[in-house]
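have a look at this fold, sequence not included:
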């Protein structure tokens with residue numbers, strides 16, 4: 001994976017969020033969406049990450065944890081996805097560099113999927129590889145067009161698609177892997193003669209196909225991974241799905257959770273078997289619940305350890321705390337900053 005980079009598109013405002021904040025800075029389960037995308041790219045072993053910023057750029061930059069692998073580039077005018085990617089061209093000087101194109105408002109894409117896409121890209125020696133998916137009704141997503149032999153030959157945006165094309169069930173997730181030289185060469189041949197008056201990144205697919213270049217794809221099974229966020233309602237729904245999957249993981253690992261939907265468990269939390277968690281509890285940060293401990297109702301834990309067979313009676317607050325084995329913490333007791341975590 002040493003020759004892999006990523007461009008993350010994060011310049012838009014997201015007007016449907018009804019917020020003055022840049023959309024990609026809004027949190028999903030306590031982490032800005034843009035940081036989740038960055039984390040995924042890093043886990044997929046991207047050596048460089050180029051984040052295209054625009055609206056409230058300083059806030060977007062501040063929402064991303066410092067990392068020497070990250071560079072920011074500004075898109076001063078939002079002229080489409082193709083234009084946004086072109087902004088990053090001066091920073092990518094190796095035409096043989098493989099480049100993932102990611103969206104800053106698609107926070108739950110997995111590194112496993114990106115690695116699968118990249119491996120297919122390399123295996124097929126493709127100029128571009130597209131992450132596609134299937135739905136009986138693909139809504140407003142761009143449709144994948146294939147030639148008579150089944151090869152991908154174009155992506156047609158919904159607004160520009162014919163009725164026949166809109167009936168196609170295979171759609172574009174907006175996630176790609178390009179060879180850099182092919183990407184920027186094709187982008188230079190795009191135009192904004194379309195319903196949106198924008199430069200579409202998707203137009204590069206037809207350009208590369210007409211040049212005889214290979215376009216490969218990977219079909220995504222778990223559609224939640226590419227669920228974008230266009231409203232506060234969608235963000236809340238996606239967060240619910242994400243947190244529910246965390247709870248399901250622990251329920252299937254021998255953990256007892258009373259009234260699960262009332263319990264918040266963060267992604268970094270570690271829970272051993274036979275732990276019992278009562279309702280209306282929040283457990284977040286680098287917290288560890290050791291075997292057979294009990295967390296009483298309405299408790300809050302952050303960066304804390306509850307040791308084996310310890311009991312929190314309920315309405316307890318722990319921040320940077322360690323509860324020893326077999327200890328009973330009385331109802332309503334609080335321990336804050338007893339131990340500091342790095």
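Nice, I can see it. Since we're looking at a predicted model, the values are computed, not measured. Numbers count the residues shown, from 1 in each chain.

number of residues surrounding the closest residue to residue 331 other than its chain neighbours?
With CB to CB, 6 or more residues apart in numbering as the measure, residue 313 is the residue that lies nearest to residue 331, at 4.2 Å, once sequence neighbours are left out. Where C-beta positions appear, they are placed from N, C-alpha and C, glycine not excepted. Applying the criterion other CB atoms under 10 Å, we find 17 residues in the vicinity of residue 313.

wait, what's in contact with residue 313?
Taking CB atoms under 8 Å, 6 or more residues apart in numbering as the contact definition, residue 313 lies against 296, 328-331, 333.

start to end distance for stretch 321-331?
For stretch 321-331, the separation between the terminal residues is 16 Å (CA to CA, to the nearest Å).

residues making contact with it?
Outside of stretch 321-331, the residues within contact range by CB under 8 Å, 6+ apart are 290, 293, 296, 304-316, 335-339.

chain neighbours aside, what residue packs nearest to residue 180?
By the measure of CB to CB, 6+ apart, the closest residue to residue 180 outside its immediate chain neighbours is residue 97, 4.1 Å from it.

show the pLDDT at the one you found.
With respect to pLDDT, residue 97 has a value of 96.

with residue 84 instead?
The model reports residue 84 with a pLDDT of 96.

now residue 13
At residue 13, the model reports a pLDDT of 83.

grab the nearest non-local neighbour of it.
The shortest distance from residue 13 to any residue other than its chain neighbours is 4.2 Å, reached at residue 55 (CB to CB, 6+ apart).

how near is the one you found to residue 269?
Per CB to CB, to the nearest Å, residue 55 is found 33 Å from residue 269.

same check on residue 16?
Distance from residue 16 to residue 269, counting by CB to CB: 32 Å.

those two: who's more crowded?
Using other CB under 10 Å, the more surrounded residue of residue 16 and residue 269 is residue 269, with 18 against 13.

OK, contacts around that one?
Under the criterion of CB under 8 Å, 6+ apart, the contact partners of residue 269 comprise 283-289.

just checking, which of the residues you listed belong to strands?
Secondary-structure check on the contacts of residue 269 using DSSP state E: residues within strands are 283-284, 288-289.

by neighbour count, which of those wins?
The member of those that has the most neighbours, counting by other CB under 10 Å, is residue 289 with 28 neighbours.

for that one, give me its contacts.
If you count contacts by CB under 8 Å, 6+ apart, residue 289 has them with 269-272, 275, 277, 283, 295, 305-306.

one more: residue 287?
Applying CB under 8 Å, 6+ apart, one finds that residue 287 lies in contact with 266, 268-270, 301-306.

tell me the pLDDT of it.
With respect to pLDDT, residue 287 scores 98.

could you chop this protein up by domain?
The record's domain split for the chain, according to automatic domain parsing, is 4-226, 253-336.
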